[in-house]
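Asks: Here's a sequence, model it:
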Amino acid sequence: MARLIRMDGTGHSTLAEWTTEDDAAFQSAVAEFRGQLDMGYIGTVPEGPGKATHVRELPREADLVIMRRPIAGG
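Replies: Residues are numbered from 1 along each chain as shown. Here you go, the predicted structure:
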């Protein structure tokens, strides 16, 4: 089961779960993902220790997608 989570003050919150076979659950996850992007979150797919890929569309085949706020500073 794939998960869409948001890093927040509690550690993380699960926003959606889906399987590759469940179109309705995936479409619901896509809507949640887009809503998080609209609120300023960034989507990433972990790719091993210390590595992640930034995504602008929810990948159906990903096991985990993490929404996080941009890092402040500069």
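
Asks: Do a quick rundown of the helices in the protein.
Replies: With DSSP state H as the criterion, the chain has helices at 23-38.

Asks: in it, which spans are strands?
Replies: For the chain, applying DSSP state E gives strands covering 2-8, 11-18, 42-46, 52-55, 64-68.

Asks: For Gly35, which of the ones you listed is the nearest?
Replies: Nearest of the strands of the chain to Gly35, taken as CB to CB: strand 11-18 at 8.8 Å. (C-beta placed from N, C-alpha, C; glycine too.)

Asks: Could you pull up the contacting residues of Thr20?
Replies: Neighbouring residues of Thr20 by CB atoms under 8 Å, 6 or more residues apart in numbering: 2, 26, 60-61.

Asks: what pLDDT does Val30 get?
Replies: Per-residue pLDDT puts Val30 at 98.

Asks: Share the number of residues neighbouring it, please.
Replies: Val30 has 16 neighbouring residues, counting by other CB atoms under 10 Å.

Asks: Number the residues from 867 up from this point.
Replies: Understood, numbering begins at 867; the last thing we discussed is Val896.

Asks: How about it, nearest residue that isn't a chain neighbour?
Replies: Once flanking residues are discounted, Val896 sits nearest to Leu924: 5.0 Å by CB to CB, 6 or more residues apart in numbering.

Asks: how much space between that neighbour and Phe899?
Replies: 4 Å (CB to CB, to the nearest Å).

Asks: what touches both of these two?
Replies: With CB under 8 Å, 6+ apart, Leu924 and Phe899 have common neighbours 870, 909, 931.

Asks: and which of those residues is nearest Gly877?
Replies: Nearest to Gly877 among the shared contacts of Leu924 and Phe899 is Leu870, at 15.2 Å by CB to CB.

Asks: Can you tell me the number of residues neighbouring that closest one?
Replies: 23.

Asks: Contacts only, for it.
Replies: 880-883, 895, 898-899, 924, 931, 933.
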